[in-house]
Every structure is written in structure tokens, then in C-alpha cells.
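Q: got a predicted structure here, sequence first:
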Amino acid sequence: MFELHSRLQADTRLLGDLPLCRVLLAKDSQYPWLILVPRVVNLREIHHLAPAQQQQLMQESCAVATLMEQALHPDKINVAALGNLVPQLHLHHVARFSTDKAWPGPIWGAHPSLPYDESTLQREAAGWRRKLANLAGFTPLETDS
């Protein structure tokens, strides 16, 4: 049975599910940051997915990146699957702006996380759920934490 890694649970807010992936909002308010986690047990690498799942992951990733690009008009969308701290496969989608604190370098380790206050996090999550509702197969899911 699929379970989200504890670090992802702690560092994100659940938004919903696409056909393959769970969609999460990172709680770091410094960057618009969505994360896709394929709902496959014990998955660590993209190449461990079946070919059809690899294609589905790419479609969902591109759809989320396009959505972020259209909603935010960033200078760049960074997509990354690092997994050094969290071995469960997850794809970061970060909207980057030339004005953000880490530009032009990577966000990882550049600055300590700056969490949203709870009311702003709830508004951000609701806004992303509304936007994601335009993607085929998206099912919104809500949680209190």
C-alpha cells in the first residue's frame, strides 16, 4: 500500500491526486513549489516505473509545469528528482524568478525554509486545488495539516 514518506508529509500540504501522482504543495513560502509523488510502493527512481507509468509521469509533470507557468509567469520552472534526503521518488516543480532569494543558483541549501503562516498556507493550497482542477483526472484531497 502506498504511503507518503514522513519528511514529505511534514514539509508539504496535500493538494490531491492525478492519475499516477499525489500532488503536494511545499510549505516553504519563498518559492511557488509543487511536488509530484507517484503512488507506487517502494519507488525510488523514474526508470523503475513501467514504460506506461514513465509516460504518465512525464505527462503529469509537464501539465503541472505548464499550469505553474501560465499562472505565475516565472523566469524558469525547475523540475528535479533528487532523492538524497527522501528516497521515495518525488519530482519538485519550482517556479523561479530572477528576484527570488536564491536566483540564479539552486534553492536547495541556499536559505532556511520560511514556512507559510497557517491561514496563508490554507489559501495557497485552496488556490492550487482550483488551478489543478483544470487538469484531466485531478481529484482534490484536503487535510488539516
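A: Noted; the coordinates are in hand.
Q: from A52, how far off is the nearest residue to F138 once chain neighbours are set aside?
A: Ranked by CB to CB, 6 or more residues apart in numbering and with sequence neighbours excluded, the top spatial neighbour of F138 is L132, at 4.8 Å. C-betas here are computed from N, CA, C, even on glycine. Relative to A52, L132 is positioned 22 Å away (criterion: CB to CB, to the nearest Å).
Q: got it, and C62?
A: For C62, the distance to A52 equals 16 Å [CB to CB].
Q: cool, L89 as well?
A: Going from L89 to A52 by CB to CB gives 16 Å.
Q: of the two, who's got more company?
A: A side-by-side neighbour count of L89 and A52, using other CB atoms under 10 Å, places L89 first with 21 against 9.
Q: ok, now which ones touch the residue nearest to the more buried one when sequence neighbours are not counted?
A: Counting by CB to CB, 6+ apart, L43 is the residue found nearest to L89 once chain neighbours are left out, at 4.6 Å. For L43, the residues meeting the contact criterion (CB atoms under 8 Å, 6 or more residues apart in numbering) are L49, Q88, L89.
Q: which ones among those map onto strands?
A: Cross-referencing the contacts of L43 with the strands (criterion: DSSP state E) gives no overlap at all.
Q: which of the residues you listed sits closest to T143?
A: The shortest separation between T143 and any of these is 17.9 Å, and it belongs to Q88 (by CB to CB).
Q: for the residue nearest to that closest one when sequence neighbours are not counted, give me the pLDDT.
A: When the adjacent residues along the chain are set aside, Q88 lies closest to H5, with 4.2 Å between them (CB to CB, 6+ apart). Turning to H5, the model gives it a pLDDT of 97.
Q: distance of H5 from V86?
A: Distance, H5 to V86, using CB to CB: 5 Å.
Q: got it, and F138?
A: Applying CB to CB, the value for F138 to V86 is 23 Å.
Q: likewise for L135?
A: Using CB to CB, one obtains 24 Å as the distance from L135 to V86.
Q: just P104 next, same as before
A: Using CB to CB, we find P104 at a distance of 25 Å from V86.
Q: got it, and H93?
A: For H93, the distance to V86 under the criterion CB to CB works out to 15 Å.
Q: more neighbours: these two, which one.
A: The residue with the greater number of neighbours, taking H93 and V86 and applying other CB under 10 Å, is H93; the counts read 22 against 17.
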